[in-house]
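Chemist: 3D, please:
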Amino acid sequence: MKIKFDALSHVGMVRTNNEDCWIAQMIWNDSYLLCGAIDGMGGYEGGEVAAEIARKTIIDYVVQHEGIDNILKMLESAVVKANNAIVEHKREHLEVSSMGCVATVGIIDLKGNQLFLAHVGDTRLYQFHNWMLQKLTFDHSIVGHKEDMGELSEEEAMNDPERNIVTKSLGFEMLPEQGADYLDMGIFPLRPDSQLLFCSDGLFDMITSREISSILEQDISEQEKTKQLIDLANECGGKDNVTVVLVHLFPSESSKDDNTASAVSGKKEEATEGDNTASAAAGKKEEATEGGNTASAAAGKKEEATEGGNTSSEPSKTEEKQNKEEKDNNNNALPQERNGKRHVTMKKEAFALVVFLAFAIGVLAGYLLKAFLIIK
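Modeler: Numbering: from 1, shown residues only. Alright, predicted model coming up:
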């Protein structure tokens, strides 16, 4: 599977500081992508600091644990370590004692075709596939829970005054290494020709799912889509910081293409040492290509060749291939299907046998009756 991605963050139209940050970078090798959206809380500077601590801690921990067997547990440990780092910072800096953050972070395994996910708070992960937008995370918030349970419509949730009250966040209390089930953890299969959207509430509090879908369904680049999503959120009021990380997955044409997972690597500038404020998402983009090949979905059109328009009585290669595929499909049919067909055949054979035996018995009875009359 091949991949393209982009990330972007904006302060919005009301606030003067950006408490959001994001992760979007290849790790270990070209087969793994670490990505996510992080939203800080706690007022000026506090939220920025918490989000930046989480971002840097998660990246450092994951990068250092290459080759580990249980990626999901490792990701959970990384987020727990980020939580505890925020708690420790609060204890040492009482002026930001109310700070914390929410986060949705994933590791995409392109060879294994799966996504390892850690989630806490009200940042979200959406999947756009076959023209449908599906939310893969549940909000840890009062209003978000009501919306997930169907008690509130999307429009009602967007306008509810309590929509920003979360029930879980990073930095609230120290957690054990494995998180004690505090985080939502999961593994999701990757679908070719799908898009994964990590975002902060500054996006979905401003624009609807239908509006998000209308942008994702366009045949434009990932950079244009992230820009359009943020621009639309700002046009609708931009009441909060807004952050999006968009990942587009394409089917590989061959196993060789599995390693061409290049695209746009959005690394946020790290805060300088001694500076407690998190830098605004700079959105640096490093384009990686191999031999000039991009990670976009290749059309792979096959050239058809004909010779003078002559037809042959012998089956063509295409027909032979189709016949072989049909034969293979029949051979690979589900056991239930094969057994069902066999059961019907056996019924027909049994019925024919019964008819034959009835006929034979009738003939034999006739001969016996005739012999009896002659003897008599």
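Chemist: can you check what pLDDT the model gives Gly43?
Modeler: pLDDT recorded at Gly43 is 75.
Chemist: what is the burial count for it?
Modeler: 13 (other C-beta atoms under 10 Å). The way it works is simple: take the backbone N, C-alpha and C, and place the C-beta from them, glycine included.
Chemist: and it, how far is that from Glu52?
Modeler: Distance, Gly43 to Glu52, by C-beta to C-beta, to the nearest Å: 15 Å.
Chemist: please report phi then psi for Leu232.
Modeler: Backbone dihedrals for Leu232, given as degrees, to the nearest 10, come out at phi -70, psi -40.
Chemist: same question, Val242
Modeler: Torsion angles at Val242 (phi, psi; degrees, to the nearest 10) stand at phi -130, psi 130.
Chemist: for the closest residue to it other than its chain neighbours, helix, strand, or coil?
Modeler: Nearest in space to Val242, with sequence neighbours left out and distances taken as C-beta to C-beta, 6 or more residues apart in numbering, is Gly202 at 3.3 Å. Here Gly202 is recorded as helix under DSSP: H, G, I helix; E, B strand; the rest coil.
Chemist: how confident is the prediction for Gly202, by pLDDT?
Modeler: Predicted confidence (pLDDT) for Gly202: 97.
Chemist: next, count neighbours for it.
Modeler: By the criterion of other C-beta under 10 Å, Gly202 has 30 neighbours.
Chemist: what do you get for the one 5 residues further on?
Modeler: Ile207 is surrounded by 22 other residues when neighbours are defined as other C-beta under 10 Å.
Chemist: same thing with Gln218?
Modeler: 11.
Chemist: and it, how far is that from Asn241?
Modeler: For Gln218 relative to Asn241 (C-beta to C-beta), the value is 24 Å.
Chemist: surely Leu34 and Ala7 touch.
Modeler: No. Under the criterion of C-beta atoms under 8 Å, Leu34 makes no contact with Ala7, lying 11.5 Å away.
Chemist: of these two, which one has the most company?
Modeler: Remark: of Leu34 and Ala7, Ala7 carries more neighbours, 30 against 21, as counted by other C-beta under 10 Å.
Chemist: which residues does the more buried one form beta bridges with?
Modeler: Under DSSP bridges, the beta-bridge partners of Ala7 are Val245.
Chemist: shaky segments in the stretch 1-150 of the chain?
Modeler: 44 (pLDDT under 70).
Chemist: so where do the helices sit in it?
Modeler: Assigned helices in the stretch 1-150 of the chain, in chain order: 46-64, 71-92, 142-148 (criterion: DSSP state H, counting those that start in this stretch).
Chemist: now mean neighbour count and distance to Ile107 too, for those, in TSV please.
Modeler: As requested, the helices of the stretch 1-150 of the chain are exported to TSV (neighbours: other C-beta atoms under 10 Å; distance: least, C-beta to C-beta, whole Å):
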stretch	mean neighbour count	distance to Ile107
helix 46-64	23	7
helix 71-92	20	6
helix 142-148	19	24
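Chemist: distance to Gly237 for those - can I get that in TSV?
Modeler: Putting the helices of the stretch 1-150 of the chain into TSV (distance: least, C-beta to C-beta, whole Å) gives the following:
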stretch	distance to Gly237
helix 46-64	20
helix 71-92	29
helix 142-148	17
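Chemist: ok, which of these comes nearest Leu196?
Modeler: helix 71-92 (15.4 Å; C-beta to C-beta).
Chemist: by contact count, what packs against the closest one?
Modeler: Judged by 3 or more C-beta pairs under 8 Å, 6 or more residues apart in numbering; DSSP states H and E, the packing partners of helix 71-92 are helix 46-64, strand 100-109, strand 114-120, strand 184-189.
Chemist: can I get the ones you listed in CSV including distance to Lys135?
Modeler: Listed next are the helices and strands packed on helix 71-92 as CSV, based on distance: least, C-beta to C-beta, whole Å:
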stretch, distance to Lys135
helix 46-64, 22
strand 100-109, 11
strand 114-120, 11
strand 184-189, 12
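Chemist: which of those sits closest to Leu229?
Modeler: Among the helices and strands packed on helix 71-92, strand 100-109 comes nearest to Leu229, with 15.8 Å by C-beta to C-beta.
Chemist: what inclination does the closest one have with respect to helix 46-64?
Modeler: Going by axes from the mean of the first three to the mean of the last three C-alpha atoms, to 10 degrees, strand 100-109 is angled at 30 degrees with respect to helix 46-64.
Chemist: ok, the residue nearest to Val242 to Pro192 distance?
Modeler: Taking C-beta to C-beta, one finds Gly202 at 30 Å from Pro192.
Chemist: then Met74?
Modeler: From Met74 to Pro192 the distance is 26 Å (C-beta to C-beta).
Chemist: got the contact list for the closest residue in space to Ser209 that isn't next to it in sequence?
Modeler: Among residues not flanking Ser209 along the chain, Leu133 sits closest, at 5.2 Å (C-beta to C-beta, 6+ apart). Contacts for Leu133 (C-beta atoms under 8 Å, 6 or more residues apart in numbering) come out as 126-127, 209, 212-213, 216.
Chemist: out of these, which end up buried?
Modeler: Neighbour counting by 16 or more other C-beta atoms under 10 Å classes 126-127, 212, 216 among those as buried.
Chemist: nearest to Asn70, of those?
Modeler: Using C-beta to C-beta, Gln127 is the member of the buried ones among the contacts of Leu133 that lies nearest Asn70, at 23.6 Å.
Chemist: tell me the contacts of that closest one?
Modeler: Gln127 is in contact with 133-134, 136, 188, 191, 194-197, counting by C-beta under 8 Å, 6+ apart.
Chemist: residues in a beta bridge with it, which ones?
Modeler: Per DSSP bridges, residues listed as beta-bridge partners of Gln127: Gln134, Leu196.
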